[in-house]
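**Student:** Provide a 3D model corresponding to the input given below.
(one chain, ligands or ions: 1)
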Amino acid sequence: MILVSACLLGINCQYNGENDLTEKLLEFLKDKGTFIAMCPEVWGGLPIPRDASQIVGGTGIDVVGGKAKVMSIKNKDVTNEFITGAERILQIAKENNVELAILKAKSPSCGVGKIYDDLASRHLIDGDGVAAALLRKNGIKVMTEKDLIAGNWPK
Ligand code: SF4
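**Tutor:** Purely as a prediction, here's the structure:
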């Protein structure tokens, strides 16, 4: 079973109420049978639209370990919502034997390998978003739509 960031499928769940429909993902999924679309921020209780957020003091794995926080651009602590959403997704992933998650690049929830550490400057650091980190920690392969676009399709 494959887990997918819902915004990549054209669902308007991004912070600004928009999506990031990715044709390459649709192409990849077309012969894969069923898959699960999810949005960790919405599943954690945040609304659409919502204020953009960033991880402060570390990366997603640090948030999972209680060593960093997630703050909105209006300085509201949304760490609990991010963790709740990530945990719900992990639970669904386990119940459905998910082995692969294709996630939205650079997001503080879904980003894999690189995430923004400063929304104003769009500066990137090495690390995963909160949901991506929790999935990876639990043995689920994570990648982004950028991998598909680059031709690095999983076997
Ligand atoms: S949390 Fe993930 S699925 Fe939801 S809008 Fe952000 S990148 Fe997309």
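**Student:** What residues does this protein have near the ligand?
**Tutor:** Taking Cβ under 6 Å from any ligand atom as the contact definition, the chain meets the ligand at 5-7, 13-14, 39-41, 104, 107, 109-110. For every residue, glycine as well, the C-beta is placed using N, CA and C.
**Student:** Return the subset of the residues you listed lying in helices.
**Tutor:** 40-41 (DSSP state H).
**Student:** Go through the residues of the chain next to the ligand and name the one nearest residue 76.
**Tutor:** Proximity to residue 76 was ranked across the residues of the chain next to the ligand by Cβ to Cβ; first place goes to residue 41, at 13.1 Å.
**Student:** That closest one and residue 15 touch, don't they?
**Tutor:** Yes - with contact defined as Cβ atoms under 8 Å, residue 41 and residue 15 form a contacting pair (7.5 Å).
**Student:** Give me the more crowded residue out of these two.
**Tutor:** The neighbour count for residue 41 versus residue 15, taken as other Cβ atoms under 10 Å, is higher for residue 41 (29 against 19).
**Student:** ok, that one to residue 110 distance?
**Tutor:** Taking Cβ to Cβ, to the nearest Å as the measure, residue 41 falls 9 Å from residue 110.
**Student:** The spatially most central residue of the chain: what's it in contact with?
**Tutor:** Taking Cα atoms, centre = their mean as the criterion, residue 110 is the residue nearest the geometric centre of the chain, at 1.5 Å. Taking Cβ atoms under 8 Å, 6 or more residues apart in numbering as the contact definition, residue 110 lies against 5, 40, 103-104, 129, 131-132, 144.
**Student:** can these go into TSV with extra columns for pLDDT?
**Tutor:** As requested, the contacts of residue 110 are exported to TSV (pLDDT from 0 to 100):
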residue	pLDDT
5	98
40	98
103	98
104	98
129	98
131	98
132	98
144	98
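**Student:** Nearest to residue 88 among the residues you listed?
**Tutor:** residue 40 (7.6 Å).
**Student:** What is the neighbour count of the closest one?
**Tutor:** Counted with other Cβ under 10 Å, residues neighbouring residue 40 total 31.
**Student:** any weak-confidence spans in the chain?
**Tutor:** Scanning the chain with the threshold set as pLDDT under 70 gives no residue ranges.
**Student:** what about the strands in it?
**Tutor:** Along the chain, the stretches classed as strands by DSSP state E are 2-5, 35-38, 53-56, 69-72, 100-103, 114-118, 123-126, 141-144.
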